[in-house]
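[1] Here you go, sequence then predicted model.
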Amino acid sequence: MDKENPFAEKDLVGGRICLDFANTLGQHEPEPLSEWLASYDDLVWWALRADIVPETEATALFERARAHPAEAAEIFRRAIELREAVFRIFSAASAKRDPDPADLEVLNRELALAMPHARVAPVTTGCNCDWAWEETGALDRVLWPVARSAAEALTSEDVGRIGECAGEGCQWLYVDTSRNHSRRWCVMSDCGNRAKAKRHYHRAKAGAGGD
């Protein structure tokens with residue numbers, strides 16, 4: 001592949017593929033901020049960054065998308081619909097609220113399309129296997145691991161450890177693996193440091209009498 005991945009330096013901090021997919025938008029509500037995905041090609045580049053599509057398959061997907069632009073546009077529409085449903089489902093989980101049935105319907109629809117292509121395949125010698133995906137050339141291939149990841153997260157203990165970044169303008173989701181479940185930021189060196197700097201500024205301003 002002769003083009004460098006535009007997402008090569010992007011952080012993946014969710015701890016689950018589905019959360020990293022939701023995090024391709026920095027803020028979902030009340031208005032979108034820091035959008036990563038503008039086209040079907042961006043979906044494939046993200047899938048490469050997330051290591052859910054091998055490079056050879058990604059090359060084939062780029063080529064098929066160019067040959068079938070209307071189909072690629074429809075898959076992109078479905079991808080954004082899935083992303084927003086996944087965000088709302090796990091944002092609700094972080095707040096200990098029930099998910100919206102409409103969002104679960106979106107997830108279940110994509111899951112039903114994905115799972116017929118799921119396979120169990122050996123990864124090393126002996127009976128050491130892992131999930132794999134049938135290679136069909138289908139453009140929605142990039143969505144299959146996301147849907148399965150969301151279903152697995154919702155039915156695992158991780159659903160009780162979902163957090164949402166408290167940073168201003170950031171709603172990134174993550175699995176909070178801290179010992180006392182006290183994590184507040186997607187990345188301490190990013191949102192965490194900005195929040196600390198803001199608090200320091202306001203304390204200094206207050207100490208100076210507001211001048």
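    Received it, and whenever you're ready, just let me know what you need.
[2] So which residues of the chain form strands?
    Listed in chain order, the strands of the chain (DSSP state E) span 25-27, 33-35, 118-122, 129-133, 162-164, 173-175.
[3] Contacts for the last one, please.
    Spelled out, it's strand 173-175. 13-16, 19, 22-23, 87, 90-91, 94, 153, 158, 161-165, 183, 186 (Cβ atoms under 8 Å, 6 or more residues apart in numbering). In this view, the C-beta of every residue, glycine as well, is placed from N, C-alpha and C.
[4] cool, the third one as well?
    The set of residues external to strand 118-122 that reach it, using Cβ under 8 Å, 6+ apart, is 128, 129, 130, 131, 132, 133, 134, 144, 148.
[5] Please identify the pairing partners of that strand and their relative orientation?
    strand 129-133 (antiparallel) (DSSP bridges).
[6] do the fifth one as well
    Partner strands and pairing direction for strand 162-164 (DSSP bridges) are strand 173-175 (antiparallel).
[7] what about the strand it pairs with, distance to the chain center?
    For strand 173-175, the gap between its own C-alpha mean and the chain's C-alpha mean amounts to 10 Å (Cα atoms, centre = their mean, to the nearest Å).
[8] And stretch 129-142, by the same measure?
    18 Å.
[9] Could you list the buried residues of that stretch?
    By neighbour count on 16 or more other Cβ atoms under 10 Å, the buried set for stretch 129-142 is 133, 138, 139, 140, 141, 142.
[10] For those, could you give me CSV that also reports distance to residue 76?
    CSV is the format used below for the buried residues of stretch 129-142 (distance: Cβ to Cβ, whole Å):
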residue, distance to residue 76
133, 19
138, 14
139, 9
140, 10
141, 13
142, 10
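[11] Determine which two of those residues are furthest apart.
    133 and 139 (13.4 Å; Cβ to Cβ).
[12] what stretches of the protein score poorly on pLDDT?
    Along the chain, segments meeting pLDDT under 70 span 188-190, 192-211.
[13] now do 80
    Along the chain, segments meeting pLDDT under 80 span 1-2, 124-127, 188-190, 192-211.
[14] Which residue comes closest to residue 163 once chain neighbours are left out?
    Nearest in space to residue 163, with sequence neighbours left out and distances taken as Cβ to Cβ, 6 or more residues apart in numbering, is residue 176 at 4.2 Å.
[15] contacting residues for the one you found?
    161, 162, 163, 182, 183.
[16] ok, now how distant is residue 155 from residue 107?
    For residue 155, the distance to residue 107 equals 12 Å [Cβ to Cβ, to the nearest Å].
[17] of those two, who's got more company?
    Per other Cβ atoms under 10 Å, whichever of residue 155 and residue 107 has more neighbours is residue 107, with 20 against 9.
[18] how long is stretch 120-134 end to end?
    10 Å (Cα to Cα, to the nearest Å).
[19] measure residue 44 to residue 92 for me?
    Residue 44 is 29 Å from residue 92, by Cβ to Cβ.
[20] Those two - which one has more neighbours?
    Set residue 44 next to residue 92 and count neighbours by other Cβ under 10 Å: residue 44 wins out with 23 against 16.
[21] ok, the more buried one touching residue 143?
    No. Contact criterion Cβ atoms under 8 Å: residue 44 and residue 143 do not qualify, at 11.2 Å.
[22] Brilliant, that's me finished.
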